[in-house]
Structures are given as C-alpha cells and as structure tokens.
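In: Give me a model of this one.
(chains A and B)
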Amino acid sequence: MVKKIENVGCPFCGVCCDDLVVTVSDDGKKILEVENACVIGSTVFHRAMSERHTLPRLRQPDGTYKEISYDEAIDYAAKVFHNAKKPLIYGFGSTNCEGMAAAAKVAEKAGAVIDNCASICHGSSFLAIFDNGYPSCTLGEVKNRADVIVYWGANPAHAHPRHMSRYSIFPRGFFTGKGHTGRKIVVIDPRHTDTAQMADIHLQVKQGHDYDLFDAFRTVARGHDIPAEVAGVKREDIIEVVDIMKKARFGTIFYGMGLCHSDGRNHNVDIAISLTRDLNDFTKWTIMAMRGHYNITGPGVVWSWQYGFPYCLDLTKRDIAHMNPGETSSVDLAMREEVDAFFNVGTDAAAHFPIEPVKRLRKHPWITVDPHPNMATEISDLHIPVGIVGVEVPGIVYRMDNVPVQYRNVIDPPEGVPSDEELFERIYERLCEL
Amino acid sequence: MAKKITLNMITQRSVEEGVGIVSGKMSPEYFEACSIIEMHDDDVQALGLFPNQLVKVTSECGSVIVKSVKGRQTLYPGLAFIPQGVYANQIVPPRTQATGEPQYSGFPVTVEPAPLGEKRKSTLELVQGAVGLWRGD
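Out: Alright, predicted model coming up:
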C-alpha cells in the first residue's frame, strides 16, 4: 500500500508551504507523487533520489574525485579547520536550525567566520532593521487582515510562486472574505513582471531609483508637493497610490532583491521602513522582507540567540563574537583574501557568488556539504553528502515572517548518510581531539 | 563592424531558473533557463539581432555568451535582464558598498552579437574553467 503523508513542509522558498501531500511507495523508499506544491517544490521532491552520492568524495592530484569513508572525511574536515588561521563557513539557506547550531559550535571551536546566504541577499535588510526597526507582522495577519498589498522590487510569481495564493492576493481570510476582489494590489518594479500582471497598479520605477520614489511617497503622505515625475513615475500616479495606502484598513509592503541588490542597498530598505512608520500615522501598515530560501530566516534567529548577531559573525576570538558587514561578510573577505579555508554548507557559492570571489576562495581548501552535486561540489577538495532537510531529515525551519515550522521527513536518507547536524557534531568531536 | 550597445543589467530570479536549480546546475533545464538575456525590442533592433541569436555581454569584470530571447516579462529600453546564477555571475561586479552584497542589479554592460563560432559554455566549463579544474567535455 502506498502511503499518503499530509501537511508536509516544502524545502524550497521562504513561503514554507506546509500543506503538501506526498505519496511514497509501500516500502517507504520512493516518492511517487507530490500534491499542492508549485513547480519548483514538486521538482525538489521528485529529484531527491537522483544523482545522489552516498559517500564523501576527495579530490585526487589528477583532478578526479575518489570516494572515502565518512570517518576519513570528518578527519580531513577537522584538520582543515584546525590548520586554518581564519576559516570561513558559509551557506545554510537550505538546512535546518539544528544543523546551523551545530555548525556554529564548530565555528566557535575553530575560530572561524560563519556567515549565511543573507550576506548576499537580505543582509541589507538586517542593517536597515538595526537602524530603523521592523514594523512587521505574520503572514497569517496579512491573509486575515490586509486589503492593500504592495510588492516593491519583488517578483513572487517567479521567486515565491505560492505567496500570492496562500497569503497576499487571493486567500479569503477572517476579515478579508472577498479574497482578491476585496484587495488592492500595487507592484513597483522596473520590469513588467508576471507579478505586475496581477496588480491593479504597476509603477515602473527607474532601476536603482527606488530611494527617490520612496522619498516622494513620504513627501506626498505628509501633504507636500513633489516634482511632475520622480524615478520615472508620474506625480499623479504617486499621489493615487499614496491615497490608496492611506485609506487601507491594513496594508503590507513586501519587498525583495530590487531594493537589496541595487545601489543604496540598506538605505533603500531603511526608507521603506520609514514610509511604513509614516503610514501608521493614518492606518495600520506593516513591512516584510521576501526571504528567499525556506530556512534562510533560521540562521539569523539561531545565531542571534547563540551569539547576538544574525550573520557575518566573526568568531576568530572564539567566544567573543563580532559582526561588521563589509569587513566580516563572505564576499568582502574573499575579495580581500583574508580567509584560508572555505566551507560551503547547504548552498552553492560557486554558482551564486560573482566569479572573482570564487576564484580567490578556491586558492585555499574548499569543502562542500550538500546532498546533491552542484557547482561548489565540482570545484571542491572534498564533498560530504548529507540528508535532504524536509525530505529525508526533519527539523525546525523559520518562515519568512520569523514563524518557526516543524518540518518532517517523508523518506529516510540513503543508508549511512548523516544529517548536517550529525555531521557537524562529529566534526566538532574530532576537532576537540586535535 | 559589429554593433555594440551599453545597457543597465539586472540579474534576478526566474521560476525556470528555480526549477533549473533543483533539477541540478548541470541539467539542460538549468542551462536553458540561465544562459539567456532579455532586452527591450528597441535594443534588440538596435543590435540587429534575429530571434535566439547569441550575444556577448561584457561588464567591468568579465564577459559571457548568452542567448537573446524574448521574455514574457518586459523591460524598458536600456534595461537588460539575465537570470541569477552561473551565467550572470560571470559579469556581476563583486563590489558590495560595504554591505556584503555584490552589485547583482544595476551595473553597466555592453551587448554585441557573439563573434562567429562562439558558443554558450556549459556551467561546468565556466566554473571549473575559472579555477583551473576544467578538463574538457
């Protein structure tokens, strides 16, 4: 008899859909069907079993990989940590909080820098939130209360495919019984995206000029005049949208990489928060970062609890942590060639960093911890395969609104393949012996 | 002499790229999703490109060969888009404005028809090639 497992969490994006139904074969080893997931989530489960390695692989002098035992791999990794003056552990977009805590224990013991994918994603948001606060809410509140939604520099139709149907545009909530017909949707983006296609109003902001447009919004909200055009958007369009925002019962600004990756970085987020605060003089407004991966919110929560900082953590002084993006951030460390070993965990820095920092990091030992082969594994000295969180390994993940969700496993990992947590605990033990 | 224009580049997600990631970065899905560029029709015309022609995109820190496609999502003239990932990151400047975040969006590039005989490289050739590990197909 095949088994249907309900309320399964999806290990892809920050929406953390937890309503998936996964059908597994009667021996519990094969995933047969995935219901309710988007095209990406469904592919995650269906691809889980393909291209798996069940043993670590060590790069040989001729450039090829040779399989070694987990004991040998753990010994190798511990020695790299032990011998490096300033190792960098980076990633954690795709693992559970238990793995993140175990890795931080290793980082402290090794005197490493530990950083997560927020470093190249929503790190700017952290900087702005430190400076200016975070008037946010949960996605449940958005679903049940929000009648005006603004997506600014975010394209959930592509990056968070079920965000609009579960939480923002379409669902019928407690006070939003009319669903999408009772909501106004505004999209602000330099492209006419598929998300803009869903909007009542699309403002095509000039790329890199979001700050100017936020400033114009604030100026209008406070009752002052603005020029005939700001950041490529006409004055009357700005006035119309600000009027909609002021008349909302409950509004939410969802913002994405359009703000964090463009000129201005944290300052764009800073002024978005200020606009949200201004709008609270008139009605209730909230703001939320569209966090990318299903548990990229996790390391910020876990490491803040452990060390007081969410990312770019310098633990080279062991138990005295400090954080200073620009100095202790992964890409900057790589560009200044300040680290002498690199651990890529649950991410793919070789694909997602610009190529120049990849080249500089590769001058030193590079170890990749990931269930599947990717660009990082293919340039590593050592690839250590682990179980897939949310498919083979259960654990806690934090959704984009900082709500923890307990993920479950639907099948078991291949025999002998550990979880990230088990792996880092074993590296820690070996490191203590050296 | 081949035409060449300067555009403002943004590199962000696409759902096809998302499927490509979880299918594997060495999969055909990833290759087709990420080794492309989208531009406004005016810019495509200015370059005199025919549909799906290969172009060479060059930034302050490198160049990459990608395929010019007509996207479902549109841009204004002067703006160009390559999905985030291996191809985009051959040209993304690593400068971070002291935040840790590279300049993934909003950097100048030149676009020109790819020289005759140039092909899109595989992800492995690009990344392994960059670090001296590429051993050929």
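In: how about the helices in the stretch 251-400 of chain A?
Out: Along the stretch 251-400 of chain A, counting by DSSP state H, counting those that start in this stretch, helices occupy A:257-260, A:266-279, A:297-307, A:330-335, A:349-352, A:355-361.
In: need those in a markdown table with mean neighbour count and distance to A:Val242, can you?
Out: Every C-beta, even on glycine, is put in place using the N, C-alpha and C of the backbone. What follows is those, written out as a markdown table (neighbours: other CB atoms under 10 Å in any protein chain shown; distance: least, CB to CB, whole Å):
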| stretch | mean neighbour count | distance to A:Val242 |
| --- | --- | --- |
| helix A:257-260 | 28 | 18 |
| helix A:266-279 | 22 | 9 |
| helix A:297-307 | 22 | 30 |
| helix A:330-335 | 26 | 36 |
| helix A:349-352 | 27 | 36 |
| helix A:355-361 | 23 | 41 |
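In: closest one to A:Met1 among these?
Out: helix A:297-307 (35.1 Å; CB to CB).
In: any chance of the helices of the stretch 251-400 of chain A in CSV, with distance to A:Val241 too?
Out: What follows is these, written out as CSV (distance: least, CB to CB, whole Å):
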stretch, distance to A:Val241
helix A:257-260, 16
helix A:266-279, 11
helix A:297-307, 29
helix A:330-335, 35
helix A:349-352, 33
helix A:355-361, 39
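In: Residue most distant from the centroid, chain B?
Out: Within chain B, B:Ala98 marks the point farthest from the mean C-alpha position, 25.0 Å out by CA atoms, centre = their mean.
In: That should have said chain A, apologies.
Out: Distance-from-mean max, chain A, by CA atoms, centre = their mean: A:Asp225 at 38.4 Å.
In: and that residue, what is it in contact with?
Out: A:Thr219 (CB atoms under 8 Å, 6 or more residues apart in numbering or on different chains).
In: Is it within a helix or a strand, and which one?
Out: Here A:Asp225, judged by DSSP states H and E, is contained in no helix and no strand.
In: Just give the closest residue to B:Val92, not the sequence neighbours.
Out: In space, and not counting its chain neighbours, B:Val92 is closest to A:Pro354: 4.2 Å by CB to CB, 6 or more residues apart in numbering or on different chains.
In: Next up, the contacts around that neighbour.
Out: Applying CB under 8 Å, 6+ apart, we find A:Pro354 in contact with A:Val331, B:Cys61, B:Asn89, B:Val92, B:Pro93, B:Pro94, B:Pro102.
In: For those residues, give me TSV that also has pLDDT.
Out: Listed next are those as TSV, based on pLDDT from 0 to 100:
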residue	pLDDT
A:Val331	98
B:Cys61	94
B:Asn89	98
B:Val92	98
B:Pro93	98
B:Pro94	97
B:Pro102	97
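In: can you tell me which of those residues are in helices?
Out: Counting by DSSP state H, the part of those found in helices is A:Val331.
In: pLDDT (mean, whole number) over stretch A:349-368?
Out: Over the span of stretch A:349-368, the pLDDT mean works out to 98.
In: list the contacts for residue 113?
Out: This is for chain A. Counting by CB under 8 Å, 6+ apart, A:Val113 touches A:86-89, A:107, A:312-316, A:328, A:330, A:333, A:339.
In: nope, chain B please
Out: By CB under 8 Å, 6+ apart, B:Pro113 lies in contact with B:Ala2, B:Lys3, B:Leu47, B:Gly48, B:Leu49, B:Gln53, B:Leu54, B:Val55, B:Lys56.
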